[in-house]
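**Student:** Quick one, what's the 3D model for this:
(2 chains)
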Amino acid sequence: MAIISFSHVSKRYPGGFEALKSISFAVEPGEMLFLTGHSGAGKTTLLKLIAAIERANHGTVLVGGQNVSVMRAAAVPYLRRNLGLVFQGQKLLYDRSVFDNVMLPLVVTGQPYRDAARRARAALDKVGLLEREKANPVTLSGGEQQRLCIARAIVNRPALLLADEPTASLDTAYADEIMAMFSAFNRVGVTVLIATHDQQLIGKWRTRVLTLAQGRLQ
Amino acid sequence: MRAWLRHHGVSLVQTLGRLARSPFSTILNVLAIGAALALPVGAFCVVVNLEALSRNISVEPQLSVFLAGNTAPADVASLASQLKGTSGVRGVRFVSRDDALADLKRGAGMEEVIATLRYNPLPDAFVVTLSERDPALADRLERQFKALPRVAHVQGDSVWVRRLDALLQLGRTAVALLSALLCLALVAVTFNTIRLQILTQRDEIEVCSLIGATRAYICRPFFYLGSLLGLLGGLAALLIVLGALAVLDRDLTQLGLLYGTALRLRFPEPREMAAVLWICVALGWLGAYWSVSRYLLLFERR
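**Tutor:** Numbers count the residues shown, from 1 in each chain, chains lettered A, B, ... in the order given. Got it, this is the predicted structure:
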């Protein structure tokens, strides 16, 4: 069964702008794929529909077999616990340490502190930030902040990782490093969907590419 | 269940930490709530004390029953037994017109005045002592005695009792109004404090919502914050009132010594103080609830 399945999905924002027009596709578990297109093509909207941050006006969005487009608000948190989100604008919390930022998803789900701390350190280790755990995120470089976001996204061991422009504003070396991380997660079975407009990056990785243009899949 | 308890523990610790990290604004908030609530709590204590005082006033409730002129001694005797037999009457004392005149003569300067009188204008009278100080009872007996034969006039002292009662009632109503008003102030203060807190924690709320925090998890610290503010405010109010009562009590004791009586203020009982604290917690929670439903859910759908 597909882990993500869109059928005839349309999204119109209040005000009339139609971001997605009758989109249909499916992603199999364990896949890694790119979502590309110019800015404004609807990449972010598509990711938001998967995480139930926005709701579709028409069509069905199935994530892990659940129909997200008609999901009750109270069920949404439990959907999101199975997703890893690396979104634009990062949204790191600067009033706490790197370690506490990664702890947050585990605290939110009520994990015992010892287990949570062990998993948080493991996640930080995977992104190479373990020695910075006590630092404030403000003191991290752009690339390190992005890696912190990834650590926070994977600490819950999600089945599905969604990343929105994870390499934007990073130089090529950093971008390659981040992509290598995603690839490593994918090798251990995580489904990875990366939205990016960076064609150079896509060219380096031989994976499926979904291309959006003016709200339609090409 | 354990996760639930852990959540509550985490929320409480977070909230306490947040209050401790901005001690100045916390203290000011608590003082604002405390000072506002000290008014009705203090006023309540004053009314309760006045009530206690009015109950202890040693003046016995009495009715004076004046008889018509020329009442035969036999009629006086039968009236006396009739009055004694009425329920609610504790004692009956007969004051003859001659005794009354003699009594009057003893007043300073009254002898010359009375000497000019050609006859004794005073009627015979009974002084009836009532069994309890209840305005309704005094009223009833006054009407009942007026209807008796040979009774010319009944003079009740229930008027001032009723006045005092009405005054105390006024006090109670004023306290109730003041309480309602300042409870509203407490709700408003917590509402606003929590609104500001929500706006400062906007990022955290958004991140938590994105990583799968339930609405209950996100709202809980704010409910704790509101209730804690209410509790601390209530404690501050009680401390203010108890301090004020202690000072007043000292002065009152001094005053009582001069009059040769032991005057003591009645302090609020633990039960009453607990009730005040509970109400404060509930009102703080209510302010938090309104604030959360108004502001938090605004960016829930983002």
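
**Student:** What is the neighbour count of residue 63?
**Tutor:** All of this refers to chain A. For A:Val63, the number of neighbouring residues by other CB atoms under 10 Å in any protein chain shown comes to 24. To be clear about C-beta, it is placed using only N, CA and C from the backbone, and glycine gets the same treatment.

**Student:** oops, I was thinking of chain B
**Tutor:** By the criterion of other CB under 10 Å, B:Leu63 has 22 neighbours.

**Student:** where's it, which helix or strand?
**Tutor:** Under the criterion DSSP states H and E, the helix or strand holding B:Leu63 is strand B:62-67.

**Student:** List the neighbouring strands of that strand plus their orientation.
**Tutor:** Each strand pairing with strand B:62-67, determined using DSSP bridges, is listed with its direction: strand B:125-130 (antiparallel), strand B:151-156 (antiparallel).

**Student:** got those strands as TSV, with mean neighbour count and mean pLDDT columns?
**Tutor:** Formatted as TSV, the strands paired with strand B:62-67 follow (neighbours: other CB atoms under 10 Å in any protein chain shown; pLDDT from 0 to 100):
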stretch	mean neighbour count	mean pLDDT
strand B:125-130	20	84
strand B:151-156	17	82
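
**Student:** Columns distance to B:Met273 on top of those strands, output as JSON lines?
**Tutor:** Below are the strands paired with strand B:62-67 laid out as JSON lines (distance: least, CB to CB, whole Å):
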{"stretch": "strand B:125-130", "distance to B:Met273": "36"}
{"stretch": "strand B:151-156", "distance to B:Met273": "40"}
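
**Student:** Name the surrounding residues that touch the strand holding B:Leu63.
**Tutor:** For strand B:62-67, contacts defined as CB atoms under 8 Å, 6 or more residues apart in numbering or on different chains pick out B:76, B:79, B:83, B:123-130, B:138, B:141-142, B:145, B:148, B:150-158.

**Student:** Point out where the chain drops to low pLDDT.
**Tutor:** Picked chain A for this. Counting by pLDDT under 70, chain A contains low-confidence ranges at A:90.

**Student:** oops, I was thinking of chain B
**Tutor:** Flagging of chain B using pLDDT under 70 yields the residue ranges B:1, B:55-60, B:108, B:157-162, B:297-302.

**Student:** How about the residues of it by chain A?
**Tutor:** Among all residues of chain B, those adjacent to chain A (criterion: CB under 8 Å from any CB of the partner chain) are B:2-4, B:6-7, B:10, B:203-204, B:206-215, B:217, B:300, B:302.

**Student:** List only buried entries from the residues you listed.
**Tutor:** Neighbour counting over these (16 or more other CB atoms under 10 Å in any protein chain shown) leaves B:7, B:10, B:204, B:206-215, B:217 as the buried ones.

**Student:** Helices - which of those residues land there?
**Tutor:** For these, membership in helices holds for B:His7, B:Val10, B:Glu204, B:Glu206, B:Val207, B:Cys208, B:Ser209, B:Leu210, B:Arg215, B:Tyr217, with DSSP state H as the criterion.

**Student:** Distance to A:Leu130 added to the residues you listed, as a markdown table?
**Tutor:** Below are those laid out as a markdown table (distance: CB to CB, whole Å):
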| residue | distance to A:Leu130 |
| --- | --- |
| B:His7 | 27 |
| B:Val10 | 24 |
| B:Glu204 | 24 |
| B:Glu206 | 27 |
| B:Val207 | 22 |
| B:Cys208 | 24 |
| B:Ser209 | 28 |
| B:Leu210 | 24 |
| B:Arg215 | 33 |
| B:Tyr217 | 27 |
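
**Student:** Out of those residues, which comes closest to A:Arg72?
**Tutor:** Lowest distance from A:Arg72 to those (CB to CB) belongs to B:Arg215, with 11.4 Å.

**Student:** so who does the closest residue to chain A within the stretch 101-250 of chain B touch?
**Tutor:** Closest approach between the stretch 101-250 of chain B and chain A, counting by CB to the nearest CB: B:Gly212, at 3.7 Å. For B:Gly212, the contacting residues are A:Pro77, A:Tyr78, A:Leu79, A:Arg80, A:Arg81, A:Leu83, A:Pro105, A:Val108, A:Thr109, A:Asn156, taking CB under 8 Å, 6+ apart as the criterion.

**Student:** what's the spacing between the second one and B:Val76?
**Tutor:** Applying CB to CB, to the nearest Å, the value for A:Tyr78 to B:Val76 is 93 Å.

**Student:** starting at the chain centroid, how far to the strand holding B:Leu63?
**Tutor:** The chain centre lies 34 Å from the centre of strand B:62-67; the measure is CA atoms, centre = their mean, to the nearest Å.

**Student:** Check stretch A:154-172 too.
**Tutor:** For stretch A:154-172 - counting by CA atoms, centre = their mean - the centre lies 5 Å from the chain centre.

**Student:** What is the end-to-end distance of it?
**Tutor:** Between the opening and closing residues of stretch A:154-172 we find a distance of 23 Å, counting by CA to CA, to the nearest Å.

**Student:** Which positions within that stretch qualify as buried?
**Tutor:** A:154-156, A:158-167, A:170.

**Student:** Reformat those residues as CSV; add distance to B:Ala68.
**Tutor:** Compiled in CSV, the buried residues of stretch A:154-172 are given as follows (distance: CB to CB, whole Å):
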residue, distance to B:Ala68
A:Ile154, 106
A:Val155, 101
A:Asn156, 100
A:Pro158, 103
A:Ala159, 106
A:Leu160, 105
A:Leu161, 107
A:Leu162, 104
A:Ala163, 108
A:Asp164, 105
A:Glu165, 109
A:Pro166, 110
A:Thr167, 114
A:Leu170, 113
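
**Student:** Now intersect those residues with the strands, please.
**Tutor:** A:Leu160, A:Leu161, A:Leu162, A:Ala163, A:Asp164 (DSSP state E).
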